[in-house]
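Colleague: Quick one, fold the following:
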Amino acid sequence: MKKIISKILVNLILKADSSDLIKLYNRMMKLSSDHNFIVFRKVYKISDTFRFNGRDILFYGEGEIFCGDNSYIGNLSTVQASKNSFVKIGNNTSISHNVRIYTSSNDANQDMNSSYEKNKVFGNVTIGNGVWIGANVFINPGITIGDNVVVGANAVVTKDLEANGIYGGVPARLIRYKNL
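Modeller: Residues are numbered from 1 along each chain as shown. I've put the predicted structure just below:
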């Protein structure tokens, strides 16, 4: 029976035009992403109102990931929580596409030109409420981002960011405080 179904599917695919193949591919990718998001919600503590905006979003690691109410994360973003570490994303927080958030990384202060296992640095990442993180931002281990912060696109966050600030650059620096 499986062989018959396989032959039918192969014939359908071979006879399909490019627009049908694109539709099939997109549908399969959406189903795969939807499945991943269901698994993420079971493994980590993710609010029912947290949104996965796009596909190819990856949450992984043996640590804990907390995602608050009315927040979202964009396409191609990655959140990694190492064992005994956590990532906390606050309420009403917007994380754009291709953002990287890590709780562990190689320690830069070592000889990288060796075959020995590299020393690691670890640290929790806390992102406050009402934060907007732009596209392509990298957030290093051990970072706390205060409430109501904007992190501009392409920034690399290497130090804690105070509440109500607008930050950008490599490394991310205070541009100004918000006029509230």
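Colleague: all helices in the chain, in order from the N-terminus.
Modeller: Secondary structure of the chain, counting by DSSP state H: helices at 2-15, 18-43.
Colleague: average model confidence for the shortest one?
Modeller: Confidence over helix 2-15 (mean pLDDT, whole number) is 69.
Colleague: same thing with the longest one?
Modeller: Taken as a whole, helix 18-43 carries a mean pLDDT of 67.
Colleague: just for this structure, where's the confidence low?
Modeller: Residue ranges of the chain with pLDDT under 70: 1-2, 5-14, 16, 18-35.
Colleague: Could I get the contacting residues of Ile65?
Modeller: With contact taken as C-beta atoms under 8 Å, 6 or more residues apart in numbering, Ile65 is in contact with Phe40, Tyr44, Lys45, Ile46, Phe59, Val79, Ala81, Phe86, Val87, Ile89. Glycine gets a C-beta too; all of them are placed from N, C-alpha and C.
Colleague: can you do 10 Å?
Modeller: 40, 43-46, 59, 79-81, 85-89, 101, 103, 125 (C-beta atoms under 10 Å, 6 or more residues apart in numbering).
Colleague: which residue packs closest to it, ignoring adjacent ones?
Modeller: Spatially, and ignoring its direct neighbours in sequence, Ile65 is nearest to Tyr44 (3.9 Å; C-beta to C-beta, 6 or more residues apart in numbering).
Colleague: Would you check that my belief about that neighbour contacting Gln80 is correct?
Modeller: No - Tyr44 lies out of contact with Gln80 (C-beta atoms under 10 Å); the separation is 11.7 Å.
Colleague: Give me the common contacts of these two.
Modeller: Phe59, Tyr60, Gly61, Gly63, Ile65, Val87.
Colleague: Could you give the backbone dihedrals for the residue nearest to Ile65?
Modeller: Backbone torsions for Tyr44, taken as degrees, to the nearest 10, come to phi -120, psi 170.
Colleague: how much space between it and Tyr72?
Modeller: Distance of Tyr44 to Tyr72, computed by C-beta to C-beta, to the nearest Å: 15 Å.
Colleague: what's the answer for Pro141, then?
Modeller: Distance, Pro141 to Tyr72, using C-beta to C-beta: 23 Å.
Colleague: just the buried members of the contacts of Ile65?
Modeller: If you count burial by 16 or more other C-beta atoms under 10 Å, the buried members of the contacts of Ile65 come out as 40, 44, 46, 59, 79-81, 85-89, 101, 103, 125.
Colleague: wait, isn't Gly146 in contact with Val131?
Modeller: Yes - look at Gly146 against Val131 with C-beta under 10 Å: they come within range, at 8.0 Å.
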